[in-house]
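Asker: Below are the sequence and a predicted model; questions follow.
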Protein chains: 2
Amino acid sequence: MPQKRILPYVIMGILLNKDCTGKQIMDEFRFDIGEFWQSSHSQVYPELKRMEQDRWIESYSKEDNDKEIHYHLTAYGHEIINDWLMEPVDKLPVSKDLFSLKTFFINDRNDPRLENLFKHQIQLVSNSLNHLRERRQALFSSQEQIDQQYGHYLILARAISRQENQLVWLEDKLNNR
Amino acid sequence: MPQKRILPYVIMGILLNKDCTGKQIMDEFRFDIGEFWQSSHSQVYPELKRMEQDRWIESYSKEDNDKEIHYHLTAYGHEIINDWLMEPVDKLPVSKDLFSLKTFFINDRNDPRLENLFKHQIQLVSNSLNHLRERRQALFSSQEQIDQQYGHYLILARAISRQENQLVWLEDKLNNR
DNA sequence: GCGTCCATGTAAAAGGTTACATGATTAA
DNA sequence: TTAATCATGTAACCTTTTACATGGACGC
């Protein structure tokens, strides 16, 4: 869904922590950020060029290796991303949720498709939960790690809480039909 | 994000319950379906024409009023939508969640922007929760109503559960920072 | 009759995904 | 050396949003 151009802010957010190549930025999307935002390299690479033109970032390459292009936030870019982080979010996201959609259209509580949808959804949520817990284990097993990337920790904890709640709810409804 | 063409299925799902005009379909989006799927009239009207060409739906107008075009699921359309409802959902949606995104990038647990983000989010979730509860009150205050549109009821109950959990979590984190 | 609102329709612009392309590195 | 993989880049296509357009209905 075409939204108000968010991608450059995501990229700048990533660059707040460290300079990155396009590849490294894509890795961020593949792992943690992928939980709540996704993009593809065919968006990111052109975006990096645009952002460089806008002077939000600048590129350089290491002496020994001039193929790898690293990107670095400029002072101006810092301003932009910090301003953006300050703006409050003004509405909740609407996820395009196929599970809701299909369930919504099934009127009969004994329709076997309901049970099917629920069982699959439970599987999906369980898998997601496992993944999230592993991630927490890997990244935040010490208080020090938590304090170093507190926002990341919060978002991970929140996702886990949501999925736990979701799982309980789904199983409860499945059993008490 | 271009997804696999879902809109026609949503429309057919709506038409399962009753024949509709474009306007009536848009009303469904504006109210209940809007919680988990959105569209705009500039998508829906052309889509209706395409679907009619594909013989998934057919149009007719009432004798006394030939301006209003009503759409009706064909037998073929019934097949299509029922097959689709049977297919299990194979992955969880990734909502483009600005709250997660912004929080993610704030490393310092004492950054005042965190508190700000949380307070705003609490407000948003509270409002959403109120709206959902009103909706449940209005639509599902009797067991008969629940049994008549069980899927709709489930989705509404699920949304309420999620938001309740979310609200507790947010408030807890805000207080124990 | 006249202006406004409303249902419907259409067009333009932008975001996002998929597929294809390229050049360099690595592995067999 | 050749094939395969990888990082980067580009193009085509589709979806979605926003804005604009039309024609009838309704109130004044």
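Answerer: Thanks, I have the structure now.

Asker: A:Tyr71 looks like it's in a strand, true?
Answerer: Yes - assessed by DSSP: H, G, I helix; E, B strand; the rest coil, A:Tyr71 belongs to a strand.

Asker: Would you mind confirming that it is in contact with A:Lys18?
Answerer: No - between A:Tyr71 and A:Lys18 there is no contact under Cβ atoms under 8 Å: 10.2 Å. Where C-beta positions appear, they are placed from N, C-alpha and C, glycine not excepted.

Asker: who has more neighbours, those two?
Answerer: Shown here are A:Tyr71 and A:Lys18; by other Cβ atoms under 10 Å in any protein chain shown, A:Tyr71 has more neighbours (24 against 10).

Asker: Angles on the backbone of the spatially closest residue to that one that is not a sequence neighbour, please.
Answerer: Leaving aside its chain neighbours, A:Tyr71 sits nearest to A:Ile57 (4.8 Å; criterion: Cβ to Cβ, 6 or more residues apart in numbering or on different chains). When read as degrees, to the nearest 10, the backbone of A:Ile57 gives phi -140, psi 160.

Asker: do A:Lys96 as well
Answerer: With angles defined as degrees, to the nearest 10, A:Lys96 sits at phi -80, psi 100.

Asker: Which pLDDT does the model give it?
Answerer: According to the prediction, A:Lys96 has pLDDT 89.

Asker: Counting neighbours, what do you get for it?
Answerer: A:Lys96 has 19 neighbours, counted by other Cβ under 10 Å.

Asker: Please apply the same query to the one 10 residues further on.
Answerer: Other residues near A:Ile106 number 22, with proximity taken as other Cβ under 10 Å.

Asker: Quick check: A:Ser39 touching A:Pro8?
Answerer: No - checked against Cβ under 8 Å, the pair A:Ser39 and A:Pro8 is beyond contact range at 10.8 Å.

Asker: ok, which stretches of chain A are helices?
Answerer: With helices called from DSSP state H, chain A shows them at A:7-17, A:22-30, A:41-53, A:75-86, A:98-104, A:112-139, A:143-148, A:150-175.

Asker: Can I get the fifth one as CSV, trimmed to CA atoms?
Answerer: In other words, helix A:98-104. Extracted C-alpha coordinates of helix A:98-104, given in CSV (Å, rounded to 0.1, in the frame of the first residue of the first chain):
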residue,chain,number,x,y,z
LEU,A,98,-6.2,-12.7,5.7
PHE,A,99,-7.0,-14.8,8.8
SER,A,100,-9.4,-12.1,9.9
LEU,A,101,-10.8,-11.7,6.5
LYS,A,102,-11.6,-15.4,5.9
THR,A,103,-12.9,-15.9,9.4
PHE,A,104,-15.1,-12.9,9.1
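
Asker: Great, nothing more from me.
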